[in-house]
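Engineer: the amino acid sequence is not available; the structure is as follows:
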């Protein structure tokens, strides 16, 4: 069980608190093992939006698996706002020193700075506070124009809604992008944004739609993208015909079900290759019968497959249907396409 403790500071912004709290609460509803708690230096905590919150003043016992989050507060200037007692700042530093993770939203980064957690680390905050954060904590490397930054279990995010992105990222790291995608979908946050990355993973990149039948099929493919999946099975899971599924899937994502599965496979294969796997081993690990199809898909994707900063794969173009005989059967874009009953994704 992972405990997520929010440190409440007077004049905190409600969304800085409620956004990430909702993410972890929804994760707990999905059985991912989160327990949410709150702590403050005073029982009654006024918020910037006029609602007074009540929280315990006694800190719970924390383990290295736990997370402490400092939501931001209303602060036209960081100086003289968000004051915390030395004992509280020592709590933050001690939790990190013990192997725990400490995170902040918006102005909450200043509390981490005062606890010494930003020294020698990259961090971010609300764009209006970048300069002041850099002046107040000169040993920190303030990164501008990003949603969140992760540096050695110190996670800082920009203003307000970016706390949701930060929380989804932490869920994805611990439980995988498919789990984060399900939570984002339930929260109606379909276009999950990734901190410094130009694109999210393939599992998240094609979720910016509201077609429930397509989301159900994506959930199935996400969980079993290494398996051979028939279009008939996918259609049955979505409750529509094969032709209707293909049309709706393409309209919602820009890809056919096969192309979507291929993107997942190729992206995972690129990760394995980057970590020393052979092409043959990577191909078989992601569900291809041998390395030929993987080589063909990587070659045909051309400029669409490239590494961001030498590490992270960005898939920018659809994979060609002619790369696989099955694709020619499954890659329907018009209602009048040929039948595909029984054809499998492989």
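Structural biologist: On my side now, so go ahead. Computed from a predicted structure; not experimentally measured. Residues are numbered from 1 along each chain as shown.
Engineer: show me where the stretch 51-200 of the chain has strands.
Structural biologist: Here the stretch 51-200 of the chain has its strands, by DSSP state E, counting those that start in this stretch, at 52-54, 67-70, 101-105, 122-123, 141-142, 148-151, 154-157.
Engineer: elements contacting the fourth one?
Structural biologist: It stands for strand 122-123. When contacts are defined as 3 or more Cβ pairs under 8 Å, 6 or more residues apart in numbering; DSSP states H and E, strand 122-123 sits against helix 108-114, strand 141-142, strand 148-151. C-beta coordinates here come from the backbone N, C-alpha and C atoms, glycine included.
Engineer: mean neighbour count, those: which tops it?
Structural biologist: A comparison of the helices and strands packed on strand 122-123 by mean neighbour count, using mean count of other Cβ atoms under 10 Å, puts helix 108-114 on top with a mean of 27.
Engineer: quick one: list the elements packing against it.
Structural biologist: Counting contacts by 3+ Cβ pairs under 8 Å, 6+ apart, helix 108-114 is packed against strand 67-70, helix 86-97, strand 101-105, strand 122-123, helix 130-136, strand 154-157.
Engineer: and these: which comes nearest residue 13?
Structural biologist: Proximity to residue 13 (Cβ to Cβ) singles out strand 101-105 among the helices and strands packed on helix 108-114, at 8.0 Å.
Engineer: give the buried residues for the closest one.
Structural biologist: Across strand 101-105, burial judged by 16 or more other Cβ atoms under 10 Å covers 101, 102, 103, 104, 105.
Engineer: just those now: which is nearest residue 93?
Structural biologist: When these are ranked by distance to residue 93 (Cβ to Cβ), residue 102 comes first, at 8.4 Å.
Engineer: which residues touch the closest one?
Structural biologist: Applying Cβ atoms under 8 Å, 6 or more residues apart in numbering, we find residue 102 in contact with 67-70, 92, 95-96, 112, 115, 117, 153-155.
Engineer: separation between it and residue 64?
Structural biologist: From residue 102 across to residue 64, the span is 12 Å (Cβ to Cβ, to the nearest Å).
Engineer: show me the helices in the stretch 151-300 of the chain, by range?
Structural biologist: 162-175, 177-186, 202-205, 212-223, 231-238, 242-253, 257-274, 279-285, 291-301 (DSSP state H, counting those that start in this stretch).
Engineer: understood, closing this out.
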